[in-house]
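Novice: Fold the following.
(chains A and B)
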Amino acid sequence: MRRFALLLLILLSCSQRRGGIIIAGSTSVQPFIEKIAEHFMEKYPEIKINVQSGGSTAGIQATFNRTCNIGMSSRDLKMDEQALQTVLIAVDGIAVIVHTENPITNLGLEQVRGIFSGKITNWKELGGNEDVIIPVTREEGSGTRASFEKMIMGEVAISDACLVQDSNGAVREIIATTPQGIGYISVGLVDNREQTVAINGVKPTLAHLVTGQYRFTRPFLLLFLEEPQGDAKKFLDFVLSEEGQNILKSDGLIPAREINVD
Amino acid sequence: MKDKIAENILLLIAFSAILSLLLITFFIFQQGIPLIFKTGLHNFFSISWSPTKGGFGILSMIIGSLMVTAGALVVGIPFGLACAVFLAEFSSPTIQKTLKPIIELLAGIPSVVYGFIGIVILVPFIRETFGGPGFSVLAASIILGIMILPTIVSISYDSLLAVPNTYREGSYALGATKWQTVRMLLLHAARSGIVAGIILGMGRAIGETMAVIMIAGNALKIPGSLLDSVRTLTSTIALELGYAAGDHRAALFACGSILFIIIIILNIVAIRVTGRK
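Specialist: I've put the predicted structure just below:
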């Protein structure tokens, strides 16, 4: 009998716990939202936030079928996904990165296309050392890959011979340890273990992103199935507040409030 | 009466295991097979995999899976068998008591740790010694070969021990040396156990996902050499499932169905081989 009472108590306390917010989607947006969520939960300890990654497409799906309260996407919505409400929280650049010892620090757009389509296979062809190029790409369905294909590759297909990794972190890890490697990740996630390559002479720095000189940028969106309310609304307000936007800025993104909406 | 109840409960539990197997089988095929017929067998077994643009060819992944599995066996069988023979026939009881648990400990290491060791040590070593990206068929084969060692060693060891001592005595009485006895008699007598160990190891190699994703590079192109990157069926499923929707998701289940069929065929072959005396 006592055991039964205990069980009942546990069940009750579970059901009484306040429901939190589940946020799911793009692996590119996830680390930034996670950081903001930590600050948010310090301020509102009663609201628990659970941030899950899985990719933009998964985030969009999850928002549609209500498995998460807020979706994250690092690409614009497609025609059949337009029913969702989107809020732009920041703009991110896609940086092409190479190993720190690689002498190549500038590439033309056509050269980047040549590398990832498999036409250019040796660093010597680009004025570097006599060594094979090891291009690393993201998997099918990734928001970062979709943006890279759209903005940089254009009509040219990414070669089958590229290595495939399933997160920004995994690509970064390979580039940091592979002298012949080249890959692309979110600008905000570049650290000092690899270096960025200027494209047509423009480095992906924050200044160049803000002025629009560096063209390879994409939106970071939060997605809602209906007008955000309650805890979700509180979180969205926090992300768009000065505090939230400053967190994004300090991590190398252009916060939405600095972008001229015209 | 009580006996009857216990018996029935046990029966029920036994059947629930079979039931879950049936459910899994049904679910995978039900999700995957319609897509295979929709794309057509010819397209499905082609090399164009671009699921977000309607290309569902999985041939390069099938070849990739078979290549790394074969590679794992090439690495795992000689070392595994040698180890089992040494433990069972040539070593003292003290060595047996220390070595066997250590080898079995290999099975307890999580596969992500194998993958990590592969990235940190093996991949750079292959890249610097042999060239290429380092993330390669060779790296995956070596790591998988080590991963299947404990399975091959312990099952082969047990089946060698199970060979009656009278066989050995008979062999020595005919003047055979120890090595001749092992080579001509014991390996034959223990054959079915050894083959079973190899098949189980093969099952682990073909199904392994995490370590392979980390060290095989996952390039879609069919590898032209051992130093090229390779993509397996399991890593495709794990890499892309998070993003997949609609036909893409169905295509991953179709990969799972094919993997399932390959494993069933392997097992049937194994049973045939071990059954033939």
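Novice: where's whichever residue of the stretch 1-150 of chain B sits closest to chain A relative to A:Met153, distance?
Specialist: Nearest to chain A, among the residues of the stretch 1-150 of chain B, is B:Pro133, at 4.5 Å (Cβ to the nearest Cβ). In this view, the C-beta of every residue, glycine as well, is placed from N, C-alpha and C. Applying Cβ to Cβ, to the nearest Å, the value for B:Pro133 to A:Met153 is 21 Å.
Novice: more neighbours, the two?
Specialist: Comparing B:Pro133 with A:Met153 by neighbour count (other Cβ atoms under 10 Å in any protein chain shown), the higher total belongs to B:Pro133, at 26 against 17.
Novice: Look at the residue nearest to the more buried one when sequence neighbours are not counted and report its pLDDT.
Specialist: Counting by Cβ to Cβ, 6 or more residues apart in numbering or on different chains, A:Ile134 is the residue found nearest to B:Pro133 once chain neighbours are left out, at 4.5 Å. Looking at A:Ile134, its pLDDT is 93.
Novice: Count residues in the vicinity of A:Ile134, would you?
Specialist: A count of nearby residues for A:Ile134, using other Cβ under 10 Å, gives 28.
Novice: shaky segments in chain B?
Specialist: Where chain B drops to pLDDT under 70, the residues are B:243, B:273-277.
Novice: which bits of the stretch 51-200 of chain A sit near chain B?
Specialist: A:53-58, A:61, A:132, A:134, A:139-142, A:159-166, A:173-174, A:177-178, A:180-181 (Cβ under 8 Å from any Cβ of the partner chain).
Novice: Name the nearest residue to B:Ser171, sequence neighbours excluded.
Specialist: B:Thr181 (4.3 Å).
Novice: What residues does that neighbour make contact with?
Specialist: B:Arg168, B:Ser171, B:Tyr172 (Cβ atoms under 8 Å, 6 or more residues apart in numbering or on different chains).
Novice: same thing but 10 Å
Specialist: B:Thr181 makes contact with B:Glu89, B:Tyr167, B:Arg168, B:Glu169, B:Gly170, B:Ser171, B:Tyr172, B:Leu174, B:Leu187, according to Cβ atoms under 10 Å, 6 or more residues apart in numbering or on different chains.
Novice: quick one: which of the residues you listed is nearest B:Ile143?
Specialist: B:Leu187 (26.9 Å; Cβ to Cβ).
Novice: What is the helix or strand encompassing the closest one packed up against?
Specialist: Taking DSSP states H and E as the criterion, B:Leu187 maps to helix B:187-189. Contacts defined by 3 or more Cβ pairs under 10 Å, 6 or more residues apart in numbering or on different chains; DSSP states H and E place helix B:187-189 against helix B:59-85, helix B:137-161, helix B:165-173.
Novice: mind checking how far it is from the chain centre?
Specialist: The chain centre lies 23 Å from the centre of helix B:187-189; the measure is Cα atoms, centre = their mean, to the nearest Å.
Novice: Show me where chain A has its strands.
Specialist: Ranges of strands in chain A, per DSSP state E, are A:21-25, A:49-53, A:70-73, A:85-99, A:106-107, A:134-138, A:163-165, A:181-186, A:194-199, A:217-224, A:254-255.
Novice: Tell me which of these lies nearest to B:Leu19.
Specialist: strand A:49-53 (31.0 Å).
Novice: Which segments of chain A make up each domain?
Specialist: A:2-92+A:219-258, A:93-211 (automatic domain parsing).
Novice: rewinding a little: any chance of CSV for the helices and strands packed on helix B:187-189, columns mean neighbour count?
Specialist: Converted to CSV, the helices and strands packed on helix B:187-189 look like this (neighbours: other Cβ atoms under 10 Å in any protein chain shown):
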stretch, mean neighbour count
helix B:59-85, 21
helix B:137-161, 25
helix B:165-173, 12
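Novice: Give me the phi and psi for B:Glu208.
Specialist: phi -60, psi 140 (degrees, to the nearest 10).
Novice: Tell me which residues of stretch A:180-196 come out buried.
Specialist: A:180-190, A:194-196 (16 or more other Cβ atoms under 10 Å in any protein chain shown).
Novice: Name all residues that make contact with the residue lying closest to B:Cys255 once chain neighbours are set aside.
Specialist: Once flanking residues are discounted, B:Cys255 sits nearest to B:Leu233: 4.9 Å by Cβ to Cβ, 6+ apart. Applying Cβ under 10 Å, 6+ apart, we find B:Leu233 in contact with B:58, B:61-66, B:206-207, B:209, B:252, B:254-256, B:258-259, B:262.
Novice: I'd like the distance between B:Leu233 and B:Phe260.
Specialist: 10 Å.
Novice: Kindly report the same for A:Val87.
Specialist: 43 Å.
Novice: same thing with A:Ile47?
Specialist: 44 Å.
Novice: What segments of chain B are strands?
Specialist: Under DSSP E, chain B gives strands at B:49-50, B:55-56.
Novice: residue closest to the middle of chain A?
Specialist: Nearest to the mean C-alpha position of chain A, by Cα atoms, centre = their mean, lies A:Ser28 at 1.6 Å.
Novice: Count the residues that sit near A:Met72.
Specialist: Neighbours around A:Met72, by other Cβ under 10 Å: 32.
Novice: Please name the nearest non-neighbouring residue to it.
Specialist: A:Met72 sits nearest to A:Gly25 (Cβ to Cβ, 6+ apart), 3.3 Å away.
Novice: Quick check: the one you found touching A:Gly55?
Specialist: Yes: using Cβ atoms under 10 Å as the test, A:Gly25 is close enough to A:Gly55 to be in contact (7.0 Å).
Novice: Please say which of A:Ile47 and B:Phe260 ends up with more neighbours.
Specialist: A:Ile47 (18 against 15).
Novice: okay but that one is in contact with A:Ile21, surely?
Specialist: Yes: between A:Ile47 and A:Ile21 there is a contact at 6.7 Å, judged by Cβ under 10 Å.
Novice: shared neighbours, the two?
Specialist: Common neighbours of A:Ile47 and A:Ile21 (Cβ under 10 Å, 6+ apart) are A:Ala37, A:Phe40, A:Gly230, A:Asp231, A:Ala232, A:Lys234, A:Phe235.
Novice: and the residue of chain A found nearest chain B, what is it in contact with?
Specialist: Nearest residue of chain A to chain B: A:Gly141, at 2.9 Å (Cβ to the nearest Cβ). Applying Cβ under 10 Å, 6+ apart, we find A:Gly141 in contact with A:55-58, A:166, B:51-52, B:239-245, B:248-249.
Novice: all helices in chain A, in order from the N-terminus.
Specialist: In chain A, the helices defined using DSSP state H lie at A:2-16, A:30-43, A:56-64, A:109-116, A:143-148, A:168-177, A:206-211, A:230-240, A:242-250.
Novice: Output the ones you listed as CSV; include the columns mean neighbour count.
Specialist: Compiled in CSV, the helices of chain A are given as follows (neighbours: other Cβ under 10 Å):
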stretch, mean neighbour count
helix A:2-16, 9
helix A:30-43, 18
helix A:56-64, 25
helix A:109-116, 19
helix A:143-148, 25
helix A:168-177, 21
helix A:206-211, 15
helix A:230-240, 18
helix A:242-250, 17
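Novice: Show me the one of those helices that comes nearest B:Lys38.
Specialist: The nearest among the helices of chain A, by Cβ to Cβ, is helix A:56-64 at 20.4 Å.
Novice: Kindly state the beta-bridge partners for the nearest residue to A:Thr63 once chain neighbours are set aside.
Specialist: Take A:Thr63 and drop its neighbours on the chain: the residue closest to it by Cβ to Cβ, 6+ apart is A:Gly71, 3.4 Å away. Beta-bridge partners recorded for A:Gly71 (DSSP bridges): A:Ala24, A:Leu223.
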